[in-house]
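J.: my questions are about this predicted structure, shown below with the sequence.
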Amino acid sequence: MNKKIFTKALLLPIIFLIAGSLYLSFKDWSSYFDFRKRQSEYKKRKVAWSILEGNINREISHFNARTGIVIKDLSCGWQISINQKELFPSASLVKIPIMAACFYAVNEGRLKLEENLQLRTKDKVLGSGNLKNLASGRPFSIQQLLEIMITESDNTAANMLIERMGFDYLNDCFKKIGLKNTNISRKMMDFRSRRHGRENFITASDLAFILEEIYQNKLINRKYSQKCLELLKKQNIRDRIPSRLPQEICVAHKTGLERGICHDAGIIFTPRTDMLICVLTRHNSKTAKLAKNFIAQLAFLAYRYAQSF
């Protein structure tokens, strides 16, 4: 064998061996530095979470009202919970499970989104929304009523859907969805029923559950979860969770407001992590201004946490 060829034949395996060793060493060092980086990021995030918990507790101590709260970092599962299973009158927050139940009925074949319901005089109620000002007899599809009920919090639209679905079906559906302490026993703005002891209740825990099911595409299936999420993203009432956030930040949420009751619950989408926030309040103030400010501040603190690591 030629000496030159022999030398090359001998050197090639050695070169490959050295190259392989260097590559494996580089991978080991790279993995080590990635691990150290992740460990450093985790510690920084943990400190930021502790600061958030302290700030939330400080805000609660200064707020003279009863609260039910769940705040959750959806990418790692960390959660702050205060009175999460306490019952609160749901006000318009019950419209989230009503929306879910309607899509549940569509999926079962009991309802079609294209089905039309006629607006009747007896359906019209005061409070949020514009349907009460429109002429009776106008047809609205289930899809239209769902959008108006969520984005404008229209009470008349909600009552038309409640009438179509029935209290028994809605309450049964709430349980099937996985809500443990949510009920509907009266229509929106039906204060006579309230005086007779019939009230709609919800908890921060149930709200957090249904919102996370929607977020994870687990509410019925991906198709209907996405429909719910898109409606919540179109919310027109922005005086609570979104009010102190940058305008470009997307929030999917639903508010609730009655005398002595002020709520908001939703998901804040940020580049680093998405934050679930449910804040229920029961207060004795003449207006809801302080409660709205309280909710807005908690949302801002959650957003600031998401930007801090």
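T.: Great, that's in hand.
J.: and the helices in the stretch 1-150 of the chain?
T.: Using DSSP state H, counting those that start in this stretch, the helices assigned to the stretch 1-150 of the chain run over residues 3-62, 95-108, 142-151.
J.: lowest average pLDDT across the ones you listed?
T.: When the helices of the stretch 1-150 of the chain are compared by mean pLDDT, helix 3-62 comes last with a mean of 74.
J.: quick one: contacts for the residue nearest in space to the middle of the chain?
T.: What sits nearest the mean C-alpha location of the chain, by C-alpha atoms, centre = their mean, is residue 266, with 3.2 Å. Contact partners of residue 266, counting by C-beta atoms under 8 Å, 6 or more residues apart in numbering, are 211, 232, 235, 241, 251-254, 276-278. Every C-beta, even on glycine, is put in place using the N, C-alpha and C of the backbone.
J.: do residue 139 as well
T.: Residues near residue 139 by C-beta under 8 Å, 6+ apart: 116-119.
J.: so where do the strands sit in the stretch 201-309 of the chain?
T.: Using DSSP state E, counting those that start in this stretch, the strands found in the stretch 201-309 of the chain span residues 201-202, 250-258, 261-269, 274-282.
J.: of all those, which one is nearest residue 112?
T.: The closest of these to residue 112 is strand 250-258. By C-beta to C-beta, the value is 23.9 Å.
J.: list the buried residues in that closest one.
T.: Going by neighbour count (16 or more other C-beta atoms under 10 Å), the buried part of strand 250-258 is 251-258.
J.: tell me the angle that strand makes with helix 142-151.
T.: 80 degrees (axes from the mean of the first three to the mean of the last three C-alpha atoms, to 10 degrees).
J.: what pairs with strand 250-258, parallel or antiparallel?
T.: Sheet pairing for strand 250-258, assigned by DSSP bridges, gives strand 261-269 (antiparallel).
J.: next, the contact list for residue 91, please.
T.: Counted by C-beta under 8 Å, 6+ apart, residue 91 has contacts 200, 256-258, 261, 263.
J.: which residues does residue 48 contact?
T.: Counting by C-beta under 8 Å, 6+ apart, residue 48 has contacts 305, 308-309.
J.: cool, and residue 78?
T.: So residue 78 contacts 49, 72 (C-beta under 8 Å, 6+ apart).
J.: and for residue 115?
T.: Applying C-beta under 8 Å, 6+ apart, the residues near residue 115 are 141-142.
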